[in-house]
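J.: Kindly return the folded structure for what I paste below:
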Amino acid sequence: MTISDAMSPLWVSSLQNAAVGQGAGASQGMSDVENSIEFFLGPEGTPAQSLRRARGFVAKVLPALLAGAPNVKVVEEATLAVLTELVDVTARHRASVDLSGRVSYDGDHVLITVGELDQTLPSAEEEPGLYIVHRLTDEIGQYRGDEAGYATWASVPVRPKAR
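T.: Alright, predicted model coming up:
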């Protein structure tokens, strides 16, 4: 499915209803139930357009995905900040025609995966936005994707990091 500005509000509504129906504690202790959203962006957009579309789509459905999570507003902001930086780097260094992403929530972490980069993840000195990613996440890594590139993932904690 390609993200479009004309995304059906019914899809978002059904996700919200499913999350509300599960109750606040449903996601805790049920690791076999996965809550996630995926997006795919074609080659027709510029990196800036890809960034806006991915962020806009995730921002619309993220409240439903995180329903019942503690610190929900803080987690939403951190998730969108990390997503923004990963999509920005990947859109400017694509290894494949399409840019894909997935945002999952397991009750303890929000896992963001964006692919595919045509190189290993640059250092934060080369891509200063990655300083934000490292500050807001527990872990960040890469694996080989399906299109001979690298998929980058980052784990945003739902509860604040211990100091």
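J.: Which parts of the helix of greatest length in the chain count as buried, going by neighbours?
T.: Counting by DSSP state H, the longest helix found in the chain is helix 72-92. By 16 or more other CB atoms under 10 Å, the buried positions in helix 72-92 come out as 75-76, 78-91. Every residue, glycine included, has its C-beta placed from N, CA and C.
J.: what's the next secondary structure element after it?
T.: strand 99-105 (DSSP states H and E).
J.: angle of that following strand against helix 72-92?
T.: Relative orientation of strand 99-105 versus helix 72-92 (axes from the mean of the first three to the mean of the last three CA atoms, to 10 degrees): 160 degrees.
J.: So for the helix or strand following strand 99-105, what gets flagged as buried?
T.: Proceeding N to C from strand 99-105, the next assigned helix or strand is strand 109-117, under DSSP H and E. If you call a residue buried by 16+ other CB under 10 Å, then strand 109-117 has these buried ones: 109-117.
J.: by contact count, what packs against the helix or strand just after strand 109-117?
T.: Proceeding N to C from strand 109-117, the next assigned helix or strand is helix 129-136, under DSSP H and E. With contacts taken as 3 or more CB pairs under 8 Å, 6 or more residues apart in numbering; DSSP states H and E, helix 129-136 sits against helix 72-92.
J.: could you give the mean pLDDT of the helix it packs on?
T.: In this model, helix 72-92 has an average pLDDT of 95.
J.: Who are the packing partners of it?
T.: helix 47-65, strand 99-105, strand 109-117, helix 129-136, strand 150-157.
J.: For the second one, what does the pLDDT average out to?
T.: Right, the one you point to is strand 99-105. Mean predicted lDDT for strand 99-105 stands at 94.
J.: Parallel or antiparallel, list what pairs with that strand.
T.: Neighbouring strands of strand 99-105 in its sheet, by DSSP bridges, are strand 35-41 (antiparallel), strand 109-117 (antiparallel).
J.: May I see these organised as CSV, with mean pLDDT and distance to Arg53 added?
T.: Formatted as CSV, the strands paired with strand 99-105 follow (pLDDT from 0 to 100; distance: least, CB to CB, whole Å):
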stretch, mean pLDDT, distance to Arg53
strand 35-41, 91, 6
strand 109-117, 94, 13
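J.: So which of these is nearest Ala67?
T.: strand 35-41 (8.7 Å; CB to CB).
J.: Report the angle between that closest one and helix 47-65.
T.: Going by the same axes, to 10 degrees, strand 35-41 makes 160 degrees with helix 47-65.
J.: circling back to that earlier point, kindly reformat the helices and strands packed on helix 72-92 as JSON lines containing distance to Asn71.
T.: JSON lines is the format used below for those (distance: least, CB to CB, whole Å):
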{"stretch": "helix 47-65", "distance to Asn71": "13"}
{"stretch": "strand 99-105", "distance to Asn71": "13"}
{"stretch": "strand 109-117", "distance to Asn71": "11"}
{"stretch": "helix 129-136", "distance to Asn71": "13"}
{"stretch": "strand 150-157", "distance to Asn71": "9"}
